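1. model the structure of this input:
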Amino acid sequence: MAFTAAVASYMFALIVDAFLLFFSSIHLITFDELMTEHKNPIDQCASLNPLVLPEYCLHMLSTLLFLCVGEWFSLTINIPLIAYHVYRYLHRPVMSGPGLYDPTTILNMDMIKRCQVEGWVKLVFYILSFFYFIYGMISSLIASHAI
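-> Sure, this is the predicted structure:
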């Protein structure tokens with residue numbers, strides 16, 4: 001069996017996707033704690049804001065890798081979420097540090113609901129991506145073996 005760049009990109013994407021699943025679950029748990037008033041907004045923003053840029057960078061890195069190896073379908077399914085991440089980060093509240101969440105606006109119930117829906121959508125996307133990346137890795141291995 002040949003170990004091609006496509007196989008390596010899918011293996012890397014699987015590892016990255018595991019981290020992204022972890023980040024999404026933290027996102028959901030933290031907003032649930034805020035909704036049930038188990039956590040104050042300052043602590044919540046302090047725990048979530050450091051995870052925003054690593055999540056975005058990891059996702060962009062794996063997508064860039066798909067671009068480099070020519071996996072066009074994998075690239076296409078990841079582009080909309082990257083576009084949303086860029087939009088969301090460009091339209092974030094004015095803050096002194098990196099991140100998306102401002103303690104003064106996070107207690108708005110509409111904002112909490114929106115962030116929870118965003119967390120669930122991202123979690124579903126990352127789960128589906130995980131299984132697709134397994135499929136892509138196996139199909140790339142089979143295709144490289146046939147050559």
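
2. please name the residues that touch the residue nearest in space to the middle of the chain.
-> Nearest residue to the geometric centre of the chain (CA atoms, centre = their mean): residue 20, 4.7 Å. Applying CB atoms under 8 Å, 6 or more residues apart in numbering, we find residue 20 in contact with 55, 58, 59, 122, 126. (Glycine included, C-beta is placed from N, CA and C.)

3. what do you get if the cut-off is 6 Å, keeping everything else the same?
-> Counting by CB atoms under 6 Å, 6 or more residues apart in numbering, residue 20 makes contact with residue 126.

4. same question, residue 127
-> So, once contact is read as CB under 6 Å, 6+ apart, residue 127 ends up touching nothing.

5. tell me the pLDDT of it.
-> Model confidence at residue 127, given as pLDDT, is 97.

6. likewise residue 2?
-> Note for residue 2: predicted pLDDT of 68.

7. again with residue 114
-> Looking at residue 114, its pLDDT reads 92.

8. helix, strand, or coil at it?
-> helix (DSSP: H, G, I helix; E, B strand; the rest coil).

9. which residues touch it?
-> Residue 114 sits next to no residue when contact means CB under 6 Å, 6+ apart.

10. mind checking the SS state of the residue nearest to residue 78 when sequence neighbours are not counted?
-> Distances taken as CB to CB, 6 or more residues apart in numbering put residue 63 closest to residue 78, at 4.3 Å, once the chain neighbours are dropped. Here residue 63 is helix, with the state taken from three-state DSSP.

11. stretch 124-144: how far from the chain's middle?
-> In terms of CA atoms, centre = their mean, to the nearest Å, the centre of stretch 124-144 is set 16 Å apart from its chain centre.
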